[in-house]
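A.B. asks: just need the structure, nothing else, for what follows:
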Amino acid sequence: MIGIVDYNAGNIKSVERALTALGISYVISKNPEDLKDCSKLIFPGVGEAAYAMDQLKKSGFDVFLRNWVKESKPLLGICLGSQIIFEYSEEGDTQCLGFIKGKIKHFNSLDDSMVKKGIKIPHMGWNNITEQNGGSKILANVPKDSDFYFVHSYVICPEDKSVVKATADYEVQVPAVIQCGNIYACQFHPEKSGEKGMMILRNFCED
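C.D. replies: Model prediction:
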């Protein structure tokens, strides 16, 4: 059974619809206790890092997720959920969950000339990804250079670059898929990325 973490900061409905379309059984809950017997968790997220962390602490999901990761159970972070699994975010000067070493930085922190070059922030829309460091099993059978749907202003900057399994080119190289042990993450929205995104969700849920 797949668990979907509902902490008032997630893109829950679209994930729910995607799993329903795939015929995958799931449970969605705001209560960590309801998800303790799941085999895998999907950790979606939209919005602002500081608010998301506040909601995680209020719900008890921060402790629950830390224990989940300590037990090496599979976790898939999506969008904001792909970012706050790292240590720190510039967004709201936020201390995050710290499952993977690294920071989340605004595009302008990486290249302050992006606006002058006419490059729009947030990075919004379809962008192809390129596998790195051997790729990830959640990318199995996904065609090379497939497009996925991105919406973000902040960028994952891991200490260990080998956890980056795919990147998107948006003036800077944007880490798009992360894998560190049983922790997986997509900066893009697989649930909004059509057939290729559904393949990623199926790979995670059915592996």
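A.B. asks: so which residues of this protein form helices?
C.D. replies: Secondary structure of the chain, counting by DSSP state H: helices at 12-22, 49-59, 61-70, 80-83, 107-110, 194-206.
A.B. asks: so can I have a markdown table of those showing mean neighbour count, mean pLDDT and distance to Ile42?
C.D. replies: For every residue, glycine as well, the C-beta is placed using N, CA and C. As requested, the helices of the chain are arranged in a markdown table below (neighbours: other Cβ atoms under 10 Å; pLDDT from 0 to 100; distance: least, Cβ to Cβ, whole Å):
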| stretch | mean neighbour count | mean pLDDT | distance to Ile42 |
| --- | --- | --- | --- |
| helix 12-22 | 17 | 95 | 6 |
| helix 49-59 | 19 | 97 | 15 |
| helix 61-70 | 18 | 98 | 12 |
| helix 80-83 | 27 | 98 | 8 |
| helix 107-110 | 16 | 93 | 26 |
| helix 194-206 | 18 | 97 | 8 |
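A.B. asks: how about the ones you listed in CSV, adding distance to Lys120?
C.D. replies: Shown next, in CSV, are these (distance: least, Cβ to Cβ, whole Å):
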stretch, distance to Lys120
helix 12-22, 23
helix 49-59, 21
helix 61-70, 33
helix 80-83, 19
helix 107-110, 10
helix 194-206, 22
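A.B. asks: between those, which gets nearest to Asn31?
C.D. replies: Asn31 lies closest to helix 49-59 among these, at 7.8 Å (Cβ to Cβ).
A.B. asks: what does the closest one contact?
C.D. replies: Applying Cβ atoms under 8 Å, 6 or more residues apart in numbering, the contact partners of helix 49-59 are 7-9, 30-32, 45, 61-62, 65, 80, 83-84, 89, 91-97, 104, 154.
A.B. asks: with stretch 116-123 instead?
C.D. replies: 106-108, 114-115, 150-153, 168, 170-171, 174.
A.B. asks: can you give me the end-to-end span of that stretch?
C.D. replies: This stretch, stretch 116-123, spans 15 Å end to end (Cα to Cα, to the nearest Å).
A.B. asks: and it, what's buried?
C.D. replies: His123 (16 or more other Cβ atoms under 10 Å).
A.B. asks: my read: Gln95 touches Ile84, true?
C.D. replies: No: the criterion here is Cβ atoms under 8 Å, and Gln95 misses it with Ile84 at 9.7 Å.
A.B. asks: who wins for proximity to Ser146 among the helices of the chain?
C.D. replies: Closest of the helices of the chain to Ser146 is helix 194-206, at 4.3 Å (criterion: Cβ to Cβ).
A.B. asks: that closest one versus helix 12-22: what angle between them?
C.D. replies: Computed by axes from the mean of the first three to the mean of the last three Cα atoms, to 10 degrees, the angle separating helix 194-206 from helix 12-22 equals 80 degrees.
A.B. asks: for helix 194-206, name the packing helices and strands.
C.D. replies: Where contact means 3 or more Cβ pairs under 8 Å, 6 or more residues apart in numbering; DSSP states H and E, helix 194-206 is packed against helix 12-22, strand 40-43, strand 147-152.
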